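S.K.: Just the structure for this:
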Amino acid sequence: MMQRVLALVKMELLKLIREPAILFLNLLFPAILTLVFGLAFGGIGGGDSAMFDMMAPGLFAYACIFLVMTVAMSFTEDRESGLLKRINVTPTTSSQFIGSHIITNMVIAVIQLVIVFLFSLLMGFRPNVDVFGVVMAFIFMLLLSLCSVGLGLITASISKSSGAAVGLSFIFILPQMFFGTFIQPTEVTQGIAAFLPSYYVTKAITTIFNGVSPFAVEILMYLGIIALMSILIVILGIFLFKKFGKK
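M.R.: From the prediction side, this is the model:
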């Protein structure tokens, strides 16, 4: 069973390399975005480095949010090409196929985090964090990537084509961009932010990078919330995709 999953993971990673648009969104875009924000707001660009320090944690979450689009595109393209039908007549199960996507996107999320972290350091970002804090930030990002896979599955379930998947994915991307990463929620938008996984990830990473222990009650509370959200979203995504997404 594990061999089938690993074979599918290899196939998805090769697809990433062969598709320039997906490669750009997943790997090059986070790097360019970090450089642009660093030059515009960081000390190297002549701006206030404190502002870039405040924005940097949002960049980590921002990079992972776009996995919603790439996952939705990947599943709809697999459906359009007939790959899902071919997989259905093989010993590979739906759970193994979806599991391979989860593993693939977690690998991508780790690469994204490393890229954003290194480029942030290059732009003058100096987080007050130890090794345990960095590990905890990785865990939060992996859970956010899991949420993004689930939201991508939900998007693919209601999309008739890969083009439609791109547009519909912004239903989940835009609110997380504006209310969950860079923009501090107001009293009005706080109620919206409370339902967004990126909001808890950004708050947790910001708190950790400000020197708070990764094992503080506040951080563990955020960890519990994002873990519960990721599990529920992935379960819902799998259910909807199995019911509607293969047609």
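S.K.: now the helices: where do they sit in the chain?
M.R.: For the chain, the helices defined by DSSP state H cover 2-18, 20-23, 29-41, 49-65, 67-80, 83-88, 94-122, 131-158, 162-180, 190-193, 197-209, 217-240.
S.K.: Just put these in CSV and tack on mean pLDDT and mean neighbour count.
M.R.: Just so you know, the C-beta spots here come from the backbone N, C-alpha and C atoms, and that holds for glycine as well. Shown next, in CSV, are the helices of the chain (pLDDT from 0 to 100; neighbours: other CB atoms under 10 Å):
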stretch, mean pLDDT, mean neighbour count
helix 2-18, 74, 14
helix 20-23, 70, 13
helix 29-41, 79, 18
helix 49-65, 78, 23
helix 67-80, 83, 24
helix 83-88, 71, 14
helix 94-122, 82, 19
helix 131-158, 90, 23
helix 162-180, 86, 19
helix 190-193, 83, 14
helix 197-209, 91, 25
helix 217-240, 93, 17
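S.K.: residues contacting the residue nearest the centre of the chain?
M.R.: In the chain, the C-alpha nearest the mean C-alpha coordinate belongs to C64, at 2.4 Å (CA atoms, centre = their mean). The contact partners of C64, taken as CB atoms under 8 Å, 6 or more residues apart in numbering, are 109, 112, 141, 144-145, 148, 198, 201.
S.K.: which among those residues gets closest to P57?
M.R.: Minimum distance to P57 across the contacts of C64 is 8.5 Å, recorded for V201 (CB to CB).
S.K.: my read: that closest one touches F138, true?
M.R.: No - contact criterion CB atoms under 8 Å: V201 and F138 do not qualify, at 11.3 Å.
S.K.: For M11, give its distance to I22.
M.R.: 13 Å (CB to CB, to the nearest Å).
S.K.: Quick check: F29 touching F66?
M.R.: Yes - counting by CB under 8 Å, F29 touches F66, with 7.0 Å between them.
S.K.: who's in contact with stretch 22-40?
M.R.: With contacts defined as CB under 8 Å, 6+ apart, stretch 22-40 is touched by 15-17, 44-45, 47, 52, 55-56, 59, 62-63, 66-67, 69-70, 73-74, 108, 111-112, 115-116, 119-120, 122-125.
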